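Trainee: Give me coordinates for this.
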Amino acid sequence: MAAPIEIDVWQGGIAELEVDALVVGATESLFMNAGAAASIARHGGAEIERAAVEQGPIAPGTAIATTAGSLAAAYVIHAVAVGHDRRADPEQLRSGVRSALAFVAPLQLRRVAFSLLGTEHGAFDPSEAAEVLVATLYDAATEPLESVVIATGNVAETRAVAAVLAAHRAGIR
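Mentor: Residues are numbered from 1 along each chain as shown. Sure, this is the predicted structure:
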């Protein structure tokens with residue numbers, strides 16, 4: 001059974017958040033050169049990308065964890081939600097989120113921030129990505145996770161996540 005968690009949306013740079021772990025979209029090769037991952041590498045240091053690349057390549061729908069360099073978070077979880085083919089596959093996105101959540105218990109993560117996985121290269125539109133992410137978080141979250149912040153990069157993403165969260169809270173989805 002999934003643990004009851006609080007999910008909120010926040011518009012801004014995920015690297016700024018003070019949580020236990022940051023979850024960002026990754027490519028199979030684990031180089032951090034786009035979107036939220038690039039921001040984390042810039043703010044947290046090159047050692048994050050080095051640690052990730054050493055564990056790769058990995059398959060779509062999987063995730064790895066590294067330390068977070070000089071960031072406030074202790075860990076960065078690199079989830080491959082979209083493969084090199086950049087095809088929007090909801091099951092692959094769902095698997096990437098579940099793979100990231102698999103680190104919650106072993107790393108004792110209580111507060112986690114997710115970037116809006118699947119939107120990095122335009123594979124998913126923000127509404128589609130938000131629906132899969134939020135549904136999977138509610139379905140697959142485990143203890144000790146208490147709260148999740150979904151960090152968005154712009155107003156359109158923020159609105160999409162907020163609408164999906166409102167629908168889930170109202171029991172519409």
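Trainee: element containing Glu157, please.
Mentor: For Glu157, the enclosing helix or strand under DSSP states H and E is helix 155-169.
Trainee: so what's the closest residue to Leu109 other than its chain neighbours scoring on pLDDT?
Mentor: Closest residue to Leu109 in three dimensions, ignoring its sequence neighbours and counting by C-beta to C-beta, 6 or more residues apart in numbering: Asp20, at 4.4 Å. For the C-beta atoms, the positions are set from N, CA and C on the backbone; glycine is no exception. Note on Asp20: pLDDT of 98.
Trainee: same question, the one 10 residues further on
Mentor: Turning to Leu30, the model gives it a pLDDT of 97.
Trainee: dump the residue contacts of it.
Mentor: 49, 52-53, 55-58, 64, 78 (C-beta atoms under 8 Å, 6 or more residues apart in numbering).
Trainee: One more pass at 6 Å, please.
Mentor: 52-53, 56, 78 (C-beta atoms under 6 Å, 6 or more residues apart in numbering).
Trainee: what two of those are the furthest from one another?
Mentor: Val53 and His78 (9.7 Å; C-beta to C-beta).
Trainee: So what does Ala65 have for phi and psi?
Mentor: With angles defined as degrees, to the nearest 10, Ala65 sits at phi -120, psi 150.
Trainee: And for it, the neighbour number?
Mentor: 22 (other C-beta atoms under 10 Å).
Trainee: is it fair to say Tyr138 lies in a helix?
Mentor: Yes: read with DSSP: H, G, I helix; E, B strand; the rest coil, Tyr138 is one of the residues of a helix.
Trainee: coming back round to it: run through who's touching the helix holding Glu157.
Mentor: 9, 11, 116, 126-127, 130-131, 134, 150, 152, 173.
Trainee: got the residues you listed as CSV, with pLDDT, distance to Arg94 and neighbour count columns?
Mentor: Output for the contacts of helix 155-169, formatted as CSV (pLDDT from 0 to 100; distance: C-beta to C-beta, whole Å; neighbours: other C-beta atoms under 10 Å):
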residue, pLDDT, distance to Arg94, neighbour count
Val9, 98, 19, 21
Gln11, 97, 24, 15
Leu116, 96, 14, 26
Pro126, 97, 16, 21
Ser127, 97, 16, 15
Ala130, 98, 13, 29
Glu131, 98, 10, 20
Val134, 97, 11, 23
Ile150, 98, 15, 29
Thr152, 97, 19, 25
Arg173, 64, 14, 13
